[in-house]
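S.K.: Dropping the sequence and predicted coords here.
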Amino acid sequence: DVGITDINMPNLDGFGVIEELRGTGINSKVPILVLTTESAPELKARARGAGATGWITKPFDDASLIFALKRVTGAAA
């Protein structure tokens, strides 16, 4: 399993999603990959601080997404 979120979303931004998933319960250990157009280091640091496992900046190709998913899930590359 892996959670995937953007940062810029209506109502609840990606940081809120990450914090909710990282709360107690079944999803607290699920890897979280952020897919976003944002690339600012401070946003990446904030996402990691909230509990994100990985980050990929849009646009990206299929191979980059597969690599990022394997990296955050610990699957063989």
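M.R.: Received the coordinates, thanks.

S.K.: Check which element follows the helix or strand hosting Arg46 along the chain.
M.R.: In this structure, Arg46 sits in helix 41-50 according to DSSP states H and E. The first helix or strand that comes after helix 41-50 along the chain, using DSSP H and E, is strand 54-57.

S.K.: other SSEs contacting that following strand?
M.R.: Judged by 3 or more Cβ pairs under 8 Å, 6 or more residues apart in numbering; DSSP states H and E, strand 54-57 is in contact with strand 32-36, helix 41-50, helix 62-73. All C-beta spots, glycine's among them, are computed from the backbone N, C-alpha and C.

S.K.: Enumerate the positions of it that are buried.
M.R.: Gly54, Trp55, Ile56 (16 or more other Cβ atoms under 10 Å).

S.K.: Give me the neighbour count for the residue lying closest to Ile56 once chain neighbours are set aside.
M.R.: Nearest residue to Ile56, sequence neighbours excluded (Cβ to Cβ, 6 or more residues apart in numbering): Ala68, at 4.6 Å. Around Ala68 sit 20 other residues, with neighbours defined as other Cβ atoms under 10 Å.

S.K.: picking up where we left off before, of the buried residues of strand 54-57, closest to Leu12?
M.R.: Checking those against Leu12 by Cβ to Cβ gives Trp55 as the nearest, at 18.5 Å.

S.K.: how much space between Asp62 and Leu35?
M.R.: Distance, Asp62 to Leu35, by Cβ to Cβ, to the nearest Å: 13 Å.

S.K.: if we can go back for a sec, possible to save the buried residues of strand 54-57 as a markdown table with pLDDT?
M.R.: Listed next are these as a markdown table, based on pLDDT from 0 to 100:
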| residue | pLDDT |
| --- | --- |
| Gly54 | 97 |
| Trp55 | 98 |
| Ile56 | 98 |
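
S.K.: List just the nearest of these to Leu21.
M.R.: Gly54 (13.6 Å).

S.K.: Fine, thanks again, bye for now.
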